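1. I would like the atomic coordinates for the input below:
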Amino acid sequence: MTEPSEPPDPFRDVRDLIRRCDRAALATALPAAAGAAAWPYASLVLVAVDHDLSPILLLSDLAEHTKALAADPRVSLLFDGTGGLAQPLTGPRVTLLGHAAKTDDERLKRRFLRHHPDAEMYAGFRDFNFYKVSLERTHLVGGFGKIRWIEPGELLAVPPLPDLAASEEGIVIHMNDDHADAVQLYATKLLGLSAEGWTMTGIDREGIDLRQGGNVARLSFESSMPAAEDARRILVALAAKARA
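-> Alright, predicted model coming up:
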């Protein structure tokens with residue numbers, strides 16, 4: 001079944017880039033000696049993003065970036081979409097600016113761990129905590145001369161579906177347990193990926209996230225999901241398309 005057409009969305013590709021990245025460069029303000037200015041400090045972090053694109057992080061209290069957050073919660077996260085390009089500076093990269101705060105939201109924790117299953121080994125340690133970054137602004141560099149700031153309202157032109165966020169875990173478990181063949185077809189037939197053993201890690205209004213070992217992929221829907229109850233119809237249609 002063909003999804004109904006939508007008006008052009010200039011930031012669909014930006015959201016897609018952010019969602020398909022499983023890591024980012026985190027910049028914080030490293031505290032300095034009394035009277036001295038803080039140093040910019042960049043580090044690599046694993047990341048998942050929520051349905052509203054808010055980044056979710058799992059950080060150790062011992063890490064320098066976590067010490068920096070205790071003094072100044074402002075952060076920026078660079079999502080790099082230039083991999084594999086002969087001329088990386090012609091490719092897209094997105095920087096999200098926001099404030100990081102600890103979160104005890106179990107749904108966010110589970111979403112992060114579905115995207116990063118190996119993190120289960122240390123997620124329960126007392127010196128590790130989950131953080132959610134509330135977005136303030138986004139900076140897009142889409143290549144030479146394609147540079148602009150994006151406000152949150154522009155970036156989230158397609159708002160999340162709360163019912164889908166609430167039912168996501170059940171959908172993902174059902175697909176992996178009962179329809180693993182369909183998930184594999186999404187990866188191999190619709191995305192052209194050759195490896196075996198792909199699993200679904202997430203579903204949002206605009207696509208599904210997949211993982212196979214250290215590889216991640218994203219299958220975007222042709223049109224955004226109208227309502228949470230449409231998830232099954234869309235997934236079935238994708239499986240039929242892959243089998244065809």
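
2. dump the residue contacts of the nearest residue to Ile208 once chain neighbours are set aside.
-> In space, and not counting its chain neighbours, Ile208 is closest to Leu219: 5.1 Å by CB to CB, 6 or more residues apart in numbering. Heads up, the C-betas are built off the backbone N, CA and C, glycines and all. Contacts for Leu219 (CB atoms under 8 Å, 6 or more residues apart in numbering) come out as 186-187, 190-191, 207-208, 210, 238.

3. and these, which are buried?
-> 186-187, 207-208, 210, 238 (16 or more other CB atoms under 10 Å).

4. among the residues you listed, which lie within strands?
-> Members of the buried ones among the contacts of Leu219 lying in strands (criterion: DSSP state E): 207-208, 210.

5. domain ranges for the protein, per the record?
-> As given by automatic domain parsing, the domain ranges for the chain are 12-155, 162-243.

6. shaky segments in this protein?
-> 1-7 (pLDDT under 70).

7. quick one, longest helix in it?
-> helix 162-178 (DSSP state H).

8. next one: it to chain centre, how far?
-> 17 Å (CA atoms, centre = their mean, to the nearest Å).

9. what does stretch 123-143 give?
-> Counting by CA atoms, centre = their mean, stretch 123-143 comes out at 10 Å from the chain centroid.

10. and stretch 91-105, by the same measure?
-> Distance of stretch 91-105 from the chain centroid (CA atoms, centre = their mean) equals 10 Å.

11. helices along the protein, start to end?
-> 12-20, 64-71, 106-115, 120-123, 152-155, 162-178, 180-185, 231-243.

12. I'd like those helices laid out as TSV, including distance to Gly84.
-> Output for the helices of the chain, formatted as TSV (distance: least, CB to CB, whole Å):
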stretch	distance to Gly84
helix 12-20	13
helix 64-71	27
helix 106-115	21
helix 120-123	30
helix 152-155	25
helix 162-178	28
helix 180-185	23
helix 231-243	24
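
13. which one of these lies nearest to Pro55?
-> helix 12-20 (8.3 Å; CB to CB).

14. what is that closest one packed up against?
-> Helices and strands in packing contact with helix 12-20 are listed as strand 93-102, strand 207-212, strand 215-220; criterion 3 or more CB pairs under 8 Å, 6 or more residues apart in numbering; DSSP states H and E.
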